[in-house]
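**Student:** Have a look at this prediction, sequence included:
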Amino acid sequence: MRATAQGHILQLDGIRFIAVALVLFDHLLVGVNIIPFGPLGVTIFFVLSGFLISRILLKSKDKTSDEPGGFKKYLRKFLIRRTIRIFPVYYLTIAILYVLNVPPVRDKLAWLALYGTNIYIAINQHWMGSVDHFWSLAVEEQVYLFFPFLIFFVARKNLITWLAIMGVISVALRFYFFYSGKEWFVSYVTMPACLDSFALGGLMAWLQLYKKEVFQKLFSKSWPVLLGLLSWMLLHYWSKTSGELYNVANVVLDRLVSSVFCFFLIGRAVMGFGGLFGMFLENPVSVYLGKISYGLYLYHNFVYNHFHSGSTHPTVRLLHKIYQYIPELQGSLAFEASLVVLLTILVSSVSWFFFEKPINALKDRYAY
């Protein structure tokens, strides 16, 4: 495992970059792309979150469980560190969108402020415009509400059973939603229907901490990653040839199959990929874009959205200005996507250096 002195696993930043790149690719090329790269990117984030959060909580539990007031210390540090990392930039974004009156922020402010966008989408069975992508942030926050309690109060030897139950319930719930006639995205955004991703991440953390030999044996080779990727590709080949746009393959089974692929991808990255892929993951550009991936995900729909950025949107106006001087670029999807990506990186970099990074430094006061 290649890690910094502080325990930061280097190649996981590269994995974050891949995840957010898949989401941006999917959203920017929505008019021509038919491969579900976006959902795969989100699943990478979910499995990675399950791994990192479970790892943090398990290590913290081992340190504090026998101390007087151990649970209070354990929970306090977790909540403070999560709050410092996630809340400031999220609520700043909502505040800016509110002031600029970007729809539907003012009308749905309570749902946004309480991390309930996925619940709103599931109940009403329609999306929320330019803040659609906040659903995944809501899922993660909802998982954080119960995961610390699960990790602390379930005995170490019983945790795998509970994670397995979570995974089974998640898949069963997606089957239920599918066969009860719900819109496909109800299965996609409902938190309990996402838990197989987090459960596999939790299993990975448990193995790394308490079954090191099993972990090393499981993730020391790259062929399971390739097999997982092939399985995901075959699943979507089945989906595309089924004759129905939304079917059991892409509505019910996709998250499970992609989570298994991500399980091996992330586990192998923890061990350390070699060769060209390892060099790619540890490349300074990949690492940097992985570090600012939260901002890239948070802001990209506001920099430009295929469905909701009208003629007065700053990015659209900039494009029109460029086309006045270089008309040959008009209609070039590659140019438009590249410009939007560069603008998103610029906005996210400003956010990282002038807002997120200084605030994140406060986490050092609450080290595990």
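**Tutor:** Cool, the structure landed.
**Student:** Report the central residue of the protein.
**Tutor:** The residue lying closest to the centre of the chain (Cα atoms, centre = their mean) is residue 45, at 2.9 Å.
**Student:** tell me the pLDDT at it?
**Tutor:** Looking at residue 45, its pLDDT reads 98.
**Student:** who's in contact with it?
**Tutor:** 16, 19, 136, 140, 297 (Cβ atoms under 8 Å, 6 or more residues apart in numbering). No exception for glycine: its C-beta is placed from N, CA and C like everyone else's.
**Student:** please redo it, this time with the cut-off set to 6 Å
**Tutor:** Residue 45 makes contact with residue 19 under the criterion Cβ atoms under 6 Å, 6 or more residues apart in numbering.
**Student:** secondary structure element for it?
**Tutor:** For residue 45, the element it lies in under DSSP states H and E is helix 37-64.
**Student:** how big is the angle separating the following helix or strand past that helix from helix 37-64?
**Tutor:** As assigned by DSSP H and E, the chain's next helix or strand after helix 37-64 is helix 70-99. On the basis of axes from the mean of the first three to the mean of the last three Cα atoms, to 10 degrees, helix 70-99 is oriented at 150 degrees to helix 37-64.
**Student:** Show me what helix 70-99 is packed up against.
**Tutor:** helix 37-64, helix 134-153 (3 or more Cβ pairs under 6 Å, 6 or more residues apart in numbering; DSSP states H and E).
**Student:** What residues sit buried inside that helix?
**Tutor:** Neighbour counts over helix 70-99 (16 or more other Cβ atoms under 10 Å) mark 73-75, 77-78, 81-82, 84-86, 88-90, 93-94, 97 as buried.
**Student:** same deal with stretch 222-242?
**Tutor:** Buried residues in stretch 222-242 (16+ other Cβ under 10 Å): 222, 224-225, 228, 232, 235-236, 239.
**Student:** same question, stretch 345-360
**Tutor:** So for stretch 345-360, counting by 16+ other Cβ under 10 Å, buried means 345, 347-348, 351-352, 356.
**Student:** what residues does it touch?
**Tutor:** Counting by Cβ under 6 Å, 6+ apart, residues outside stretch 345-360 touching it are 88-89, 292, 295-296, 299.
**Student:** What of stretch 181-197?
**Tutor:** Taking Cβ under 6 Å, 6+ apart as the rule, stretch 181-197 contacts 43, 46-47, 118, 121-122, 125, 135, 139, 142, 166-167, 170-171, 173-174, 177, 246, 251, 256, 259.
**Student:** if you set the cut-off to 7 Å instead, what comes out?
**Tutor:** 43, 46-47, 50, 118, 121-122, 125, 135, 139, 142-143, 166-167, 169-171, 173-174, 177-178, 246, 251-252, 255-256, 259 (Cβ atoms under 7 Å, 6 or more residues apart in numbering).
**Student:** Tell me the spacing between the residue nearest to the centre of the chain and residue 194.
**Tutor:** Per Cβ to Cβ, to the nearest Å, residue 45 is found 11 Å from residue 194.
**Student:** Repeat that for residue 253.
**Tutor:** Residue 253 is 14 Å from residue 194, by Cβ to Cβ.
**Student:** Looking at those two, which has the bigger crowd around it?
**Tutor:** residue 194 (29 against 18; other Cβ atoms under 10 Å).
**Student:** ranges for the strands of the stretch 201-350 of the chain?
**Tutor:** Counting by DSSP state E, counting those that start in this stretch, one finds no strands in the stretch 201-350 of the chain.
**Student:** quick one: low-confidence parts of it?
**Tutor:** Low-confidence segments of the stretch 201-350 of the chain, defined by pLDDT under 70, are absent.
**Student:** Recalculate using a threshold of 90.
**Tutor:** Along the stretch 201-350 of the chain, the parts satisfying pLDDT under 90 run over 242-243, 306-311, 331.
**Student:** nearest residue to residue 258 other than its sequence neighbours?
**Tutor:** Spatial nearest neighbour of residue 258, excluding adjacent residues (Cβ to Cβ, 6 or more residues apart in numbering): residue 43 at 4.5 Å.
**Student:** ok, now which ones touch the one you found?
**Tutor:** Applying Cβ under 7 Å, 6+ apart, the residues near residue 43 are 197, 255, 258-259, 262.
**Student:** where's it relative to residue 355, distance?
**Tutor:** In terms of Cβ to Cβ, residue 43 sits 28 Å off from residue 355.
**Student:** ditto for residue 318
**Tutor:** Relative to residue 355, residue 318 is positioned 23 Å away (Cβ to Cβ).
**Student:** can you give me the mean pLDDT across stretch 354-366?
**Tutor:** 85.
**Student:** From the chain's centroid, how far away is it?
**Tutor:** From the chain centre to the centre of stretch 354-366 is a distance of 21 Å (Cα atoms, centre = their mean, to the nearest Å).
**Student:** Ok, stretch 356-368 next?
**Tutor:** Counting by Cα atoms, centre = their mean, stretch 356-368 comes out at 21 Å from the chain centroid.
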